[in-house]
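S.K.: just a sequence and a predicted model for now, questions to come.
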Amino acid sequence: MISKAEKTQIIKDFGTEFGTGPTDTGSSAVQVALLTTRINNLAPHFEKNKHDYHSNRGLLKMIGQRKRLLAYLASTDAAKYQGLIKKLGLRK
């Protein structure tokens, strides 16, 4: 789970760099950054709870959503896409 302060900081960072401003929560880059943070925060949960299949389904849905947003971003603005995956440390 992301704390409110952490979420606000992510929105501010990615909104100013890749969006229209520090309150831009709807841009694809901000949404990808928030999803990536949520996905990364689930790793310790799955190390402890290997058989939590219901949460695993939610994780796969988040990964699919992030994949769709990244595909949209790659097709509309390739430079922004490259900068985003580099800053987040995603492969591609």
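M.R.: Perfect, I can see it now.

S.K.: residues in contact with the helix or strand containing residue 79?
M.R.: Using DSSP states H and E, residue 79 sits in helix 78-88. Residues external to helix 78-88 that are found in contact with it (C-beta atoms under 8 Å, 6 or more residues apart in numbering): 14, 17, 18, 29, 32, 33, 36, 70, 73, 74, 91, 92. C-betas here are computed from N, CA, C, even on glycine.

S.K.: how about the third one: what's its closest non-neighbour residue?
M.R.: Nearest residue to residue 18 in three dimensions, chain neighbours excluded: residue 29, at 3.4 Å (C-beta to C-beta, 6 or more residues apart in numbering).

S.K.: following the helix or strand hosting the one you found, which helix or strand shows up next?
M.R.: Per DSSP H and E, residue 29 falls inside helix 28-41. Reading on from helix 28-41 to the C-terminus, the next helix or strand found by DSSP H and E is helix 43-48.

S.K.: may I see the buried residues of the helix holding residue 79?
M.R.: Of all the residues in helix 78-88, those buried under the rule 16 or more other C-beta atoms under 10 Å are 80, 81, 84, 85, 88.

S.K.: now the residues you listed in CSV, with pLDDT and distance to residue 44?
M.R.: Shown next, in CSV, are those (pLDDT from 0 to 100; distance: C-beta to C-beta, whole Å):
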residue, pLDDT, distance to residue 44
80, 95, 31
81, 96, 29
84, 96, 25
85, 96, 23
88, 96, 19
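
S.K.: could you dump the residues you listed to CSV with distance to residue 46?
M.R.: Shown next, in CSV, are these (distance: C-beta to C-beta, whole Å):
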residue, distance to residue 46
80, 31
81, 28
84, 25
85, 23
88, 20
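
S.K.: I'd like to know which elements the lengthiest helix in the chain is packed against.
M.R.: Longest helix in the chain by number of residues, with DSSP state H as the criterion: helix 53-76. Contacts defined by 3 or more C-beta pairs under 8 Å, 6 or more residues apart in numbering; DSSP states H and E place helix 53-76 against helix 28-41, helix 43-48, helix 78-88.
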